[in-house]
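*Asks:* Below: sequence and its predicted model.
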Amino acid sequence: MRVIELNKTVTESNDRDADALRDRLKEQGTLLFNLMSSPGSGKTTLLSRVITDMKDRFKIGVMEADIASDVDALRIESLGARAIQAHTDGMCHMDAGMTERALKAMNEASAGAGVAEEAASADLDLVFLENVGNLICPAEFDTGAGKNIMILSIPEGDDKPLKYPLMFRKSDVLIITKMDTLEFFDFDLEVCKERVLRLNPDIKIFPVSAKTGEGMEAFENWISESLADWKA
Ligand SMILES: Nc1nc2c(ncn2[C@@H]2O[C@H](COP(=O)(O)OP(=O)(O)O)[C@@H](O)[C@H]2O)c(=O)[nH]1
Ligand SMILES: [Mg+2]
């Protein structure tokens with residue numbers, strides 16, 4: 001597994017870098033999703049199901065950002081997606097420069113595996129960045145993604161929108177996952193949705209279980225529609 005060590009980007013403006021990366025990816029027709037959540041809420045499991053369900057229709061790449069280890073990238077690669085593990089030098093988020101370097105390294109690794117270098121990034125339809133697990137710092141840095149997705153899992157509780165409002169405000173989509181565990185927790189789905197919509201009336205909410213597959217089709221349809229809009 002290719003692992004890239006990323007230090008903090010020293011640049012005048014992360015927002016400007018993010019806009020430039022987004023424009024370049026749009027020209028290529030590659031849609032980058034920034035996936036954010038607490039550790040253990042189910043990012044890698046959700047991505048695994050998306051890859052299994054969608055890899056025959058779309059070329060998919062995944063960048064796994066963590067402080068250490070390569071377990072997530074290995075899991076993803078075994079499913080047939082292009083993958084790279086990025087280590088963030090202890091940092092709790094990815095910025096746009098780090099995302100750009102991780103993308104380049106992922107494409108170079110695949111170029112080495114027989115894909116021509118220019119074609120390496122241009123031929124991907126969907127790229128998912130699994131951001132570092134926490135609900136605070138990733139929300140503060142634009143990565144250059146076309147869409148921001150956050151996950152809240154049932155065991156984390158329905159009060160998280162009250163405690164970490166910024167991430168809920170910044171996200172285009174909220175996945176409420178581990179729906180198969182709803183009966184064991186005092187999570188009130190309707191109360192949670194109301195709290196989220198008060199912070200962000202435009203957010204789309206998909207309750208799913210990545211374990212049973214419940215609700216996944218609606219989320220995957222949203223991914224396909226978002227890509228069609230992005231390429232239009
Ligand atoms: N019951 C249940 N468990 C899940 C679901 N999604 C993930 N998990 C479990 O939650 C744990 C953490 O998942 P993982 O995908 O590694 O979380 P990440 O740290 O956010 O990438 C693992 O034990 C998964 O099997 C789900 O929909 N339902
Ligand atoms: Mg993970």
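*Replies:* Good, I have the coordinates. Numbering: from 1, shown residues only. Ligands and ions are numbered 1, 2, ... in the order given.
*Asks:* After the worst-scoring helix or strand of the chain on mean pLDDT, which helix or strand is next? Please name it.
*Replies:* Counting by mean pLDDT, DSSP states H and E, the weakest-scoring helix or strand in the chain turns out to be helix 117-122, with a mean of 50. Sequence order places strand 126-130 as the next helix or strand after helix 117-122, per DSSP states H and E.
*Asks:* quick one: contacts of the next helix or strand after that following strand?
*Replies:* Reading on from strand 126-130 to the C-terminus, the next helix or strand found by DSSP H and E is strand 147-153. Residues outside strand 147-153 that contact it (C-beta atoms under 8 Å, 6 or more residues apart in numbering) are 31-38, 40-43, 46, 135, 160-161, 167-168, 170-178, 192, 226. C-beta: built from backbone N, CA, C; applies to glycine.
*Asks:* Can you sort out which of the residues you listed also neighbour ligand 2?
*Replies:* Of the entries in the contacts of strand 147-153, the ones placed beside ligand 2 under the rule of C-beta under 5 Å from the ion are residue 43.
*Asks:* From the contacts of strand 147-153, list the ones also adjacent to ligand 1.
*Replies:* The residues of these that also fall near ligand 1, by C-beta under 6 Å from any ligand atom, are 37, 40-43, 177-178.
*Asks:* Can you name the residue of the chain nearest ligand 2?
*Replies:* For the chain, the nearest residue to ligand 2 under the criterion C-beta to the ion is residue 44, separated by 3.4 Å.
*Asks:* helices or strands up against the strand or helix carrying that residue?
*Replies:* Assigned by DSSP H and E, residue 44 falls within helix 43-54. When contacts are defined as 3 or more C-beta pairs under 8 Å, 6 or more residues apart in numbering; DSSP states H and E, helix 43-54 packs onto strand 31-36, strand 60-66, helix 71-77, strand 126-130, strand 173-177, helix 216-231.
*Asks:* distance between it and the chain's centre?
*Replies:* 11 Å (C-alpha atoms, centre = their mean, to the nearest Å).
*Asks:* Going by neighbour count, which residues in that helix are buried?
*Replies:* By neighbour count, with 16 or more other C-beta atoms under 10 Å as the criterion, the buried positions of helix 43-54 are 43-51, 54.
*Asks:* Export the residues you listed to a markdown table and append columns for distance to residue 106 and pLDDT.
*Replies:* Formatted as a markdown table, the buried residues of helix 43-54 follow (distance: C-beta to C-beta, whole Å; pLDDT from 0 to 100):
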| residue | distance to residue 106 | pLDDT |
| --- | --- | --- |
| 43 | 17 | 96 |
| 44 | 16 | 95 |
| 45 | 21 | 97 |
| 46 | 19 | 98 |
| 47 | 14 | 97 |
| 48 | 17 | 96 |
| 49 | 21 | 97 |
| 50 | 17 | 97 |
| 51 | 15 | 96 |
| 54 | 18 | 97 |
